[in-house]
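A.B. asks: The following block contains a protein sequence and its predicted model.
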Amino acid sequence: MSATRMAAGSVSSVLGVFGGAFDPPHLGHAMVPAYLRQRGLVDRLLVVPCADHPLGKDLSPFARRMALARAAMQPYGEAVEVSDLEERLHAAHGGPSYTLRLLEAVAAEHPEAAVRLVVGSDILGQVQRWHRWDEIERRFPPIVVPRAGHAPPQACALPEVSSTQVRAWLRDGGPEAAAGLDATVPRQVLALLRRPAAAPVWVVGRGHVAAHAVPWLQVAGATVVQLSARALVEGAAVVPEPAPGGVWVLARDPELPSVARALGALPRSRLPSSVPVLHGAGAWRASERLAPLVERGHPVGTLHPICSLRSERVAPSSLSSAAFGVEGDPPARALALAWVGRQPWVDLQGLCATKRRAYHAACALAANHLAVPYVTARRVLVSQGHEASTVEVALAGLMRSALDNLAVLGVPEGITGPVARGDDAAVRAHLEALDDDAAALYRVLAERLRGIVSEGAFEGASEGREPSPG
């Protein structure tokens, strides 16, 4: 059965809202999305850690629980979003995390969806303690997930485990506790729980890249402190303690020297000169843009995400599967590679200033200019009377599948269409059918593509290709 519902002649997807402390998340939590989707109960799931528990539970820091929840749900990709909505509501309005307030906020943010609460069957005997449960039932009909001990055994598909037991095992230690943790906690969550505390990471900036960088670092186990670049430059930033283990400056390229000067003016007790400082700019070597910090004695480097990031699409983030450009002094480079972990990276170490600009230009060419064929194709199809929203979905899917083919098969094997087949008649027919503007773009791209295909051997073709660390 599909989760999609028909109402008043329109199709509405079902958005499940799964709230809780997630302190920490265990396999029972992590398996809920699979249970809901396999049964066709939801189309998407919003996982929402609470900010201030309405029943007065003592909770681990919110950022820590967000990072653990993101790690637990990461395998589901776009089907599951871990949201900080509770923290935003708490910051704006205060008070405990009442479920009704959360659901109303979700419905306001997702007017296209039918919002439903997801709860375990264990809470059904406690609903009298919930704030306005009758209204929740009426407006956001709950989806009840059977939980062992609170439902018939044959209906319970999830393991019997609780966060209370997980915390006890973490506290007590020993072989029995280790075995219990291995059996009941997702591997990626357990890795974060067992990782020793390290010095915090400062992320300077609040733009698109920083919006992705903060949760990416948190999932990797870092304690992140985010600072405003503008406040830092203006001397209005509250500089936290203790000193960081690393700094990642993600301000705009022209602002980097000003941010570097502001960081360099901080007391050495707050920012020792041994702390590596990275920037995220693709076009500039760190020694050029962070010169004031170089003069102060800091190791500097580059950690440039090779992906397109928008703050409107933080969850799920493409940063977790992106490659990075890396260069810098040995301590800064080592820090960058520690953050990157097993993700692929490109070595920018030996590039002169001109080649560094060319590297960044190549990234821009591959990413930013996709809008040209997309917008042109969209205009052609919409002018024929096709629904714009359908056209946009169709073209996005087409472009993603084309990129997937190139990524897996390489060039020229991953190229499809009339040029790849040598079908010149089809190309001429396309040119005759298009208006002048679209035909001009098609002609230029087809000629370039014909040259690529006719070369036969393309450097980096598919045989034996693997991502290289440089």
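C.D. replies: Structure's in. What do you need?
A.B. asks: Please enumerate the helices of the stretch 251-400 of the chain.
C.D. replies: 256-264, 286-289, 291-296, 330-340, 353-367, 371-383, 388-409 (DSSP state H, counting those that start in this stretch).
A.B. asks: what's the fifth one in contact with?
C.D. replies: So that's helix 353-367. 282-285, 288, 304, 306-308, 325, 346, 348, 351 (C-beta atoms under 8 Å, 6 or more residues apart in numbering). To be clear about C-beta, it is placed using only N, CA and C from the backbone, and glycine gets the same treatment.
A.B. asks: what about the stretch 301-450 of the chain, any weak spots by pLDDT?
C.D. replies: Within the stretch 301-450 of the chain, the stretches with pLDDT under 70 are 315-316.
A.B. asks: actually the stretch 51-200 of the chain, not the one I wrote
C.D. replies: 54-56, 125, 149-151, 153.
A.B. asks: thinking again about what came up before, looking at the contacts of helix 353-367, which are in strands?
C.D. replies: The strands, defined by DSSP state E, take in His304, Ile306, Gly325, Val346 from these.
A.B. asks: Is the last one in contact with Ala336, as I believe?
C.D. replies: To tie it back to what came earlier, the one meant is Val346. No: using C-beta atoms under 8 Å, Val346 is not in contact with Ala336, being 11.7 Å away.
A.B. asks: what about the nearest residue to Pro240 once chain neighbours are set aside, how many neighbours?
C.D. replies: Among residues not flanking Pro240 along the chain, Val225 sits closest, at 5.1 Å (C-beta to C-beta, 6 or more residues apart in numbering). Residues within reach of Val225, counting by other C-beta atoms under 10 Å, total 17.
A.B. asks: hmm, who's touching whatever helix or strand Val225 lives in?
C.D. replies: Val225 belongs to strand 224-227 when assigned by DSSP states H and E. Under the contact criterion C-beta under 8 Å, 6+ apart, strand 224-227 has outside partners 63, 200-206, 210, 214, 217-218, 237, 239-240, 244.
A.B. asks: most surrounded residue in the contacts of helix 353-367?
C.D. replies: His304 (27 neighbours).
A.B. asks: that older thread, would you turn the helices of the stretch 251-400 of the chain into a markdown table with distance to Leu271?
C.D. replies: Converted to a markdown table, the helices of the stretch 251-400 of the chain look like this (distance: least, C-beta to C-beta, whole Å):
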| stretch | distance to Leu271 |
| --- | --- |
| helix 256-264 | 6 |
| helix 286-289 | 16 |
| helix 291-296 | 9 |
| helix 330-340 | 14 |
| helix 353-367 | 26 |
| helix 371-383 | 40 |
| helix 388-409 | 40 |
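A.B. asks: quick one, which of the ones you listed is nearest to Val145?
C.D. replies: helix 388-409 (30.8 Å; C-beta to C-beta).
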